[in-house]
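>>> Return atomic coordinates for the entry below.
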Amino acid sequence: MKVSASRARIPLPAEDALERLGSRISRARRARLLTQADLASKSGLSLSTMAAIEAGSPTVQIGFYLSVLFALDALQGLDLVATLKEDETTLERLSNDLLPKRVRR
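Predicted coordinates for the structure are as follows:
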């Protein structure tokens, strides 16, 4: 059964991570002496979406979070998200020659 985005529950650790991200975005905005309206405008978002982001709402599109991070010049480090430990064995397995082009069930 498909659940609407507004009713979907994400795992509690993911919820906590979003709340921490929202809090860090709020601190970064205030450190730059920007209002929520300023940052919303700079990010191309509505004020209500900006408030939802700072609250860590799981219903806000991830692209909107990234737009705000870009506006704050805070995208550095994003490439480290979901990276695997790069030991020799992992690097061998991750060689493009060994990875399938597509994974199907």
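>>> Ala14: neighbouring residues, count only.
Counted with other CB atoms under 10 Å, residues neighbouring Ala14 total 11. Using the backbone N, CA and C atoms, a C-beta is placed for each residue, glycine as well.
>>> and the gap between it and Gln36?
24 Å (CB to CB, to the nearest Å).
>>> before we move on, what about Leu78?
Distance, Leu78 to Gln36, by CB to CB: 22 Å.
>>> okay, the two: which has more neighbours?
Comparing Leu78 with Gln36 by other CB under 10 Å, the one with more neighbours is Gln36, at 18 against 11.
>>> For the more buried one, which non-adjacent residue is spatially closest?
Leaving aside its sequence neighbours, Gln36 sits nearest to Met50 (CB to CB, 6 or more residues apart in numbering; 4.8 Å).
>>> Touching, the one you found and Lys42? I think so.
No: counting by CB atoms under 8 Å, Met50 stays clear of Lys42, with 9.8 Å between them.
>>> The two: who's more crowded?
More crowded of Met50 and Lys42, by other CB under 10 Å: Met50, with 25 against 17.
>>> Enumerate every residue touching the more buried one.
Residues in contact with Met50, defined by CB atoms under 8 Å, 6 or more residues apart in numbering, are 36-37, 39-40, 43, 68.
>>> what packs against the longest helix belonging to the chain?
Counting residues, the longest helix in the chain under DSSP state H turns out to be helix 12-31. Packing contacts for helix 12-31, counted by 3 or more CB pairs under 8 Å, 6 or more residues apart in numbering; DSSP states H and E, involve helix 36-43, helix 47-54, helix 62-71.
>>> Just the buried positions in that helix, please.
Residues 18, 21-22, 25-26, 28-29 are the ones in helix 12-31 that count as buried (16 or more other CB atoms under 10 Å).
>>> pLDDT added to those residues, as TSV?
Shown next, in TSV, are the buried residues of helix 12-31 (pLDDT from 0 to 100):
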residue	pLDDT
Leu18	97
Leu21	97
Gly22	98
Ile25	97
Ser26	97
Ala28	96
Arg29	95
